[in-house]
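Asks: Fold the following.
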Amino acid sequence: MRRSDREIKDFDEIIEVINKCDVCRLAINDGDYPYIVPMNFGLNIEDGKVVLYFHCASEGKKLELLRKNNKVAFEMDCGHEFILNDEKMSCTMAYESVMGCGQIQFVEDEDKFAALKIIMKQYHSEDFEFGTKVIPVTTVFKMVVEEMTGKRRKNNTKRNNKKQD
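Replies: Modelled structure (predicted):
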């Protein structure tokens, strides 16, 4: 990482960033170019490892590619804030992000309900009751994260000049 002063090294801080995010972008191998898809996700810590859960329909390009090659990269970000420095006549952006890689594993039918509850916890609560009729036609998969890094740029300016509508 070029800007090591922005690196988030503490595991718990990286988890805090993930918990603030609402989209995880998966980069899937598609030959000459990666196929990037934004996904809803859920986070679980299992045996000390970060596991990200995803769901989708039971067919489509994403699944075709994952069945050919289950190695993926991911990226998620949040906390975006425009920073304007009038004195230097410059601007930049505050943010927090996490990126990494891992391998996809498809979740067995008997474990789908529990995995979907983990996804719901990211957005609502683990106790949210949802209809189960779609579970048989829903594909659920998870990524056991092998590597990840976190990065943040804080807004250290005294004045926050957000774009006004």
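Asks: where does the residue nearest to the spatial centre of the chain land on pLDDT?
Replies: Central residue of the chain (C-alpha atoms, centre = their mean): residue 24, 2.9 Å from the mean position. pLDDT for residue 24: 98.
Asks: same check, this time on residue 158
Replies: So, for residue 158, pLDDT stands at 54.
Asks: For this structure, which segments are assigned as strands?
Replies: Remark: strands assigned in the chain by DSSP state E are 7-8, 24-30, 33-39, 42-46, 49-57, 71-85, 90-106, 138-153.
Asks: quick one, what contacts residue 95?
Replies: 77, 78, 79, 80, 81, 151, 152, 153 (C-beta atoms under 8 Å, 6 or more residues apart in numbering). Any C-beta I mention is one placed from the backbone N, CA and C, and that applies to glycine too.
Asks: May I ask which two of those residues are separated the most?
Replies: Maximum pairwise distance among the contacts of residue 95 (C-beta to C-beta): 14.7 Å, between 81 and 151.
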